[in-house]
Every structure is written in structure tokens, then in C-alpha cells.
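# what follows is a predicted structure for the sequence shown.
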Amino acid sequence: MEHELVKEQFDKILATLQNEEAERKATEESIAGLSTAQGGVSDAADELELLRKPPSQHSEGSEQCWKSVGNMTVRTYCTLQVEPKTLEGMISIVSQSPLREFQGEGGKSCVMTHLDCDALGESLGPGQRPLLRKKFVPESTLLKRLVQGSMIGRNGQRKGDECTCPAEGEMIFIHSGMDRSSKEAETLFRPGTARKDQAIDAEVKDVTLIFSDSSIRSRKQRNRGCYSSKSTASLFSAASLTTMVPEKAYPDLTGHNTGDVCAGIPALQPEDLWKEKEVVLTDDRIVSPTDAAVSKEKDKQISTESVFSALTLPCSFYRSFLKAHSVQAVLDLASGQGELAKACLAERVPYMGLTLSESHSTQLELILTNFAVTLMQTEGSTYYRAAAKRKSEGEGNEDEPPKAKAKAKGKAKGKPKAKPTPEAETDAQAEEPEADNDDEEVQLPW
């Protein structure tokens, strides 16, 4: 009788758990269906709200559960903020950010502030708007607000509304792109009243970035005449970089951090560029088209256009750069499509990035969440989890009770425990190698 009472109570508990799991699945399916009915990607905010729920609110081992774990990882290492419109707003956001606790240590590490000018607005490149003849050109006031405001927020010496030299242990990385001169970046480190030929107040080192020829050619569908396979990264600091960080080679690339060349970089490919330009870019960052261009492109789908068409630097480059320069935290003044954010996430480097709009922040967080789940499924990654990989390969069934696998495990171990008879001992030893091969072929999940 006592056994039957215990069994009855246990069955009730199992039924309650199954009902809760069914309710969770129904809620997830209804939200997913609603998102699809309203346009899918346009309801990214609803999807993000679902991802931000604790993993315990989803079915254990389900795809949604792993995405929630990935989102928690993203929010642990990455902070996203919409770009402020004033200098004081910029200073406030940077000085109060989670990065305020990080400081570069002389001769060992540094904190990097990054700006890719191609991520500030609409640009020319693969997937650009048809008939686009010019790109968004950031004004000097915008660049000063971002760069000098960040330096003030990072404890740089302020002189009025200017700061022309970063603090000790800080490195400013400015990528001007392929069609801009690196000299334009130097004006940000010179007082506004100074002559154009006056020396800047910071140390500068120009690093030539050389891309692989095949990656550049694949970006240019129609080549007429010459094309460029290089760009320049300008590195600014209060002291020489050789005294700030130890000498290291670029992993997986050609060059050292003490040199002025980094070669073998695979440029971002057209299929890697973001789409849905209107969702991410704000009106003040889109180039106004001519009437002729509007009339010719009105029948084309805007969703096929790339958002940041001119971006070239991939996540793999940034991962190599972070390691070579012993970077312990990153402030990104233009997050773009998140290549640097992905690198920081993969290397577990704290990251804060500025976005162009709330929708930009939402899209970027979704991208980073999917990237975090991919890291969990990749062997060799510090985030690797075998259960997440099995789920991606379809080996698990989220509807199957967890105890089913435990029973199979007990059965597998049951047979070898039987003691062989003395007469069969020799035969068992002869068959032992064959049994080992069978175990390898089965590849049980435990």
C-alpha cells in the first residue's frame, strides 16, 4: 500500500511538470507565430524580449533555452548604448559605463577605443543602394564629439571642450577606410586653434592593413582598372605603443604589433554584410538620393541593400588584434554590424558599443546572441558545451523526458558486469577488441 501511495504522488508530480512544460512551449510557439504574422524581422523587439527571459523559463535543452543562455552571455560581456547627441552626454555615458573599472597597465596591457568611419552611416560597397554616387561624410563636430568626448570620459586631460591626448594606458584605433586619408584622423588630436602643420599632442602609429587579393576581388563584381587591397589603421596613445604593451605577433596573420604592416586579412564578403538598411540607419545617416535615382529604384526592394556597405574588417582580424595588443577592454564608438563585438565576446573582453538607434541595438543583440550559441557549439571554444552541440546536430529530442537517457545508460553498463564462466573466458578475451570497435561506432551521447 505504501508503495502505491508513493507511486501515485510521484505520477502527480510528473503530470504537473509535463503540464508546465506544455504551457511554456505553447507560449513560445504563440509568440513566434505572432512575430511571423506581423513581419518576422520587424518584430525583433518581441524576439529579444523572449530571449532575455531566464533559461529556467524555457524547456530544458530546447533551442530557446540555449538562446537564452547565449543572451545572458552577451549581456555579461557586452553593453550597447545609443549614440548621444551632445558632448556632455558622450562624457557621461563613457564615464559611467562598466568599463570605468578597467585601466591599462604600463608595459602589460591597454584599453582600446575603436572607431571605424565606414560604420557611421551609408557608404559605397557591395549591396549598396542602386545608382548611389556618394556616401555619408561625418562632420568634424561629430568626430570630435565621439573621439574627444570618449577621451574625456576615459580620464583624458580636458581643455575647455577639447581633449587632444588620451590618458595613460589608453589606445585609440581609428580606421579611416580605403578612400580616406589617415591625416584626417590626426586633426582630432590637435587643438582647434592650432595650425594645420602643427604637431599633434599624442603619439601616432599608422599600420597598413593588407587584405588577401581573393577576398577583395570577390567584393568587386565589376573591376574596371585598378583596385586597392589595403587600408590604414591609425593608433594614437599618450606614449609609444612599444612601451605600453609587450611585443607579440598577430595570431593567424602576418606581422607583429611593433611593426607597421598587418597582412593576410580576409575582407568581409558581400554575403556577410547586414541587410535592411532602413531598420538600422537613421534619417541623418542616409544620403539623400537624387530624383532620377528615386524614380529608377522605386521598384527595387530596400531589404536587399547592405547596411554598412564599405565595411571590410572581419571578426577574425579583431580577435588577432586584441590578442597582439593585450587589450583588456574595448569602447567602440561605431558598432556597425558587430564584428568587433563578436571578437570581444569570443575572447571574453568587456565591450561597450555605441549604436545609431534603438532598432540598431536590438538587431545587434540578436546577432550577438546567435553568435554566442554558435560558440557554445564549437569545439575548442571556451564557451563549448557538448549538450548545445548535440542539440544543433539534432541528436536530442526536447520532448523526451531526461530520465530516458539515464535508463539507456544503465542498460549499456549492465551487460559487461556479468561474470564470464571459466570456459568462456578465453573466447571473451579474443572478442574484446571487436567490442571496443562497436563502442566507438555507437558514440553514445554520454
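Right, received. Where do you want to start? Numbering: from 1, shown residues only.
# what does stretch 229-236 rub up against?
Identification of contacts with stretch 229-236 by CB atoms under 8 Å, 6 or more residues apart in numbering yields 166, 171-178, 182, 185-186, 189, 202-213, 216, 241, 262, 312. In short, each C-beta sits where N, CA and C put it, glycine included.
# distance check, Gly167 against Ala185.
One correction, residue 167 is Ala, not Gly. Distance of Ala167 to Ala185, given as CB to CB, to the nearest Å: 18 Å.
# no no, Glu47
Glu47 is 38 Å from Ala185, by CB to CB.
# these two: who's more crowded?
The neighbour count for Glu47 versus Ala185, taken as other CB atoms under 10 Å, is higher for Ala185 (24 against 19).
# pull the strand or helix carrying the more buried one out as CSV, backbone CA atoms only.
Taking DSSP states H and E as the criterion, Ala185 maps to helix 183-186. What follows is helix 183-186, C-alpha atoms only, in CSV (Å, rounded to 0.1, in the frame of the first residue of the first chain):
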residue,chain,number,x,y,z
LYS,A,183,45.7,62.6,-41.9
GLU,A,184,42.1,63.4,-41.3
ALA,A,185,42.2,61.5,-38.1
GLU,A,186,45.2,63.4,-36.8
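# after it comes which helix or strand?
Sequence-wise, the next helix or strand downstream of helix 183-186 (DSSP H and E) is strand 203-211.
# one step back: which among the contacts of stretch 229-236 end up buried?
For these, a burial check counting by 16 or more other CB atoms under 10 Å picks out 166, 171-178, 182, 185-186, 189, 202-205, 207, 209-211, 216, 241, 262, 312.
# count the neighbours of the nearest residue to Ser392 once chain neighbours are set aside for me.
Leaving aside its chain neighbours, Ser392 sits nearest to Gln377 (4.7 Å; criterion: CB to CB, 6 or more residues apart in numbering). When neighbours are defined as other CB under 10 Å, Gln377 has 19 of them.
# with the one 10 residues further on instead?
Number of residues near Ala387 (other CB under 10 Å) recorded here: 16.
# likewise Ile152?
22.
# and for Thr113?
There are 26 residues near Thr113, going by other CB under 10 Å.
# which residues touch the host helix or strand of Thr79?
Using DSSP H and E, the element containing Thr79 is strand 78-82. Contact with strand 78-82 is made by 93, 97-98, 335, 341, 344-345, 351-358, 360-361, 364-365, 368, as judged by CB under 8 Å, 6+ apart.
# next helix or strand past it?
As assigned by DSSP H and E, the chain's next helix or strand after strand 78-82 is helix 87-95.
# double-check Cys262 against Pro251; I have them as touching.
No - in this structure Cys262 lies outside contact range of Pro251 using CB atoms under 8 Å: 11.2 Å.
# rounded mean pLDDT for the helix or strand harbouring Val6, please.
Taking DSSP H and E as the definition, one finds Val6 inside helix 2-37. Averaging pLDDT along helix 2-37 gives 62.
# okay, domains of this structure per the record?
Domain segmentation of the chain under automatic domain parsing yields 1-83+356-397, 86-289+299-350.
# lowest average pLDDT across the ones you listed?
Mean pLDDT values for these show the minimum at domain 1-83+356-397, a mean of 78.
# wait, doesn't Ser359 sit right on Ala44?
Yes - using CB under 8 Å, Ser359 is in contact with Ala44, at 7.4 Å.
# so what's Leu281 up against?
Applying CB under 8 Å, 6+ apart, the residues near Leu281 are Gly121, Glu122, Val307, Leu356, Ser357, His360.
# now the terminal residues of stretch 341-353, how far apart.
End-to-end distance for stretch 341-353, by CA to CA, to the nearest Å: 8 Å.
# and that stretch, what's buried?
Applying a neighbour-count criterion of 16+ other CB under 10 Å, the buried positions in stretch 341-353 are Ala341, Lys342, Ala343, Cys344, Leu345, Ala346, Glu347, Val349, Pro350, Tyr351, Met352, Gly353.
# which among those gets closest to Ser56?
Leu345 (22.8 Å; CB to CB).
# does the closest one touch Asn71 like I think?
No - distance between Leu345 and Asn71: 11.6 Å, which falls outside the contact criterion (CB under 8 Å).
# joint contacts of the two?
Residues touching both Leu345 and Asn71 by CB under 8 Å, 6+ apart: Ala372.
# circling back to that earlier point, state the pair within the buried residues of stretch 341-353 that is farthest apart.
It's Ala346 and Met352 that sit farthest apart of the buried residues of stretch 341-353, by CB to CB, at 16.5 Å.
# surely Glu247 and His256 touch.
Yes - taking CB under 8 Å as the definition, Glu247 is a contact partner of His256 at 6.3 Å.
# of the two, which one has the most company?
Using other CB under 10 Å as the criterion, Glu247 and His256 rank with His256 on top: 14 against 11.
# just the strands in the stretch 301-446 of the chain please.
Here the stretch 301-446 of the chain has its strands, by DSSP state E, counting those that start in this stretch, at 327-332, 351-355.
# dump those into JSON lines; add distance to Tyr227 as well.
Below are the strands of the stretch 301-446 of the chain laid out as JSON lines (distance: least, CB to CB, whole Å):
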{"stretch": "strand 327-332", "distance to Tyr227": "28"}
{"stretch": "strand 351-355", "distance to Tyr227": "30"}
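# and these: which comes nearest Cys65?
Minimum separation from Cys65 across the strands of the stretch 301-446 of the chain (CB to CB) falls at strand 351-355, 24.5 Å.
# in its sheet, what does the closest one sit against?
Using DSSP bridges, the strands paired with strand 351-355 are strand 78-82 (parallel), strand 327-332 (parallel).
# most tightly surrounded among those strands?
Of all the strands paired with strand 351-355, strand 327-332 has the most neighbours on average by mean count of other CB atoms under 10 Å, namely a mean of 24.
# what angle separates it from helix 87-95?
Using axes from the mean of the first three to the mean of the last three CA atoms, to 10 degrees, the inter-axis angle of strand 327-332 relative to helix 87-95 is 150 degrees.
# render the CA-only coordinates of strand 327-332 in PDB, please.
The C-alpha trace of strand 327-332 is given here as PDB (Å, rounded to 0.1, in the frame of the first residue of the first chain):
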ATOM      1  CA  VAL A 327      43.600  44.600 -24.900                       C
ATOM      2  CA  GLN A 328      41.600  44.100 -21.700                       C
ATOM      3  CA  ALA A 329      38.500  46.200 -22.500                       C
ATOM      4  CA  VAL A 330      37.000  47.900 -25.600                       C
ATOM      5  CA  LEU A 331      35.000  51.100 -26.200                       C
ATOM      6  CA  ASP A 332      33.500  51.000 -29.700                       C
END
